[in-house]
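1. Structure, please.
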Amino acid sequence: LEPKAHKGAVQSEVWSPDGTKLASASYDKSVRIWDPRTGKLILTLEGHSSSVQSVAWSPDHTKLASASFDKTVVVWDWMLGEQIATLKGHTGPLTEAAWMHKDGSDSESRFRKGSRLLVSASDD
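-> Residues are numbered from 1 along each chain as shown. So this is what the prediction gives:
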């Protein structure tokens with residue numbers, strides 16, 4: 001990856017379901033999407049007011065969710081570079097976001113189309 005593309009420590013990296021992209025979350029309040037074959041930066045997503053701790057691809061590869069110390073999860077249409085939603089409700093900093101499947105497995109398990117639930121974790 002390009003040296004020093006993030007301006008803060010990288011907290012999370014995750015491959016897209018199809019293996020063609022890599023997303024990284026950082027203390028610099030951004031999510032960056034990379035082409036791992038070339039190491040080039042494709043897109044930077046900005047919108048959090050504090051460090052981004054976790055990033056997760058939707059199983060269909062159309063959305064990203066980012067969890068931040070600003071107590072929000074932002075859902076992104078990464079292809080358009082736009083926020084779809086900002087989810088609020090936690091009273092403490094968020095540490096994790098994951099897409100859940102109908103069978104209850106998380107996004108680290110086998111990817112399946114049809115995921116509709118997004119789960120977040122915090123110390124609250």
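2. Now V73. Nearest residue, chain neighbours left out?
-> Residue nearest to V73 in three dimensions, not counting chain neighbours: L87, with 4.3 Å by CB to CB, 6 or more residues apart in numbering. C-beta here means a position set from N, CA and C on the backbone, and glycine is covered the same way.
3. I should have written E46 there, sorry.
-> S30 (5.0 Å).
4. Tell me which residues touch that neighbour, please.
-> By CB atoms under 8 Å, 6 or more residues apart in numbering, the contact list for S30 reads 6, 44-46, 48, 52.
5. what pLDDT does the nearest residue to G81 once chain neighbours are set aside get?
-> Nearest non-adjacent residue to G81, counting by CB to CB, 6+ apart: L43, 5.6 Å away. Note for L43: predicted pLDDT of 92.
6. List the buried residues for the helix or strand hosting L43?
-> Using DSSP states H and E, L43 falls within strand 40-46. By neighbour count with 16 or more other CB atoms under 10 Å, strand 40-46 contains the buried residues 43, 45.
7. got it, and stretch 42-59?
-> If you call a residue buried by 16+ other CB under 10 Å, then stretch 42-59 has these buried ones: 43, 45, 47-48, 51-59.
8. just stretch 13-30 next, same as before
-> 14, 16-17, 21-30.
9. Thanks a lot, see you next time.
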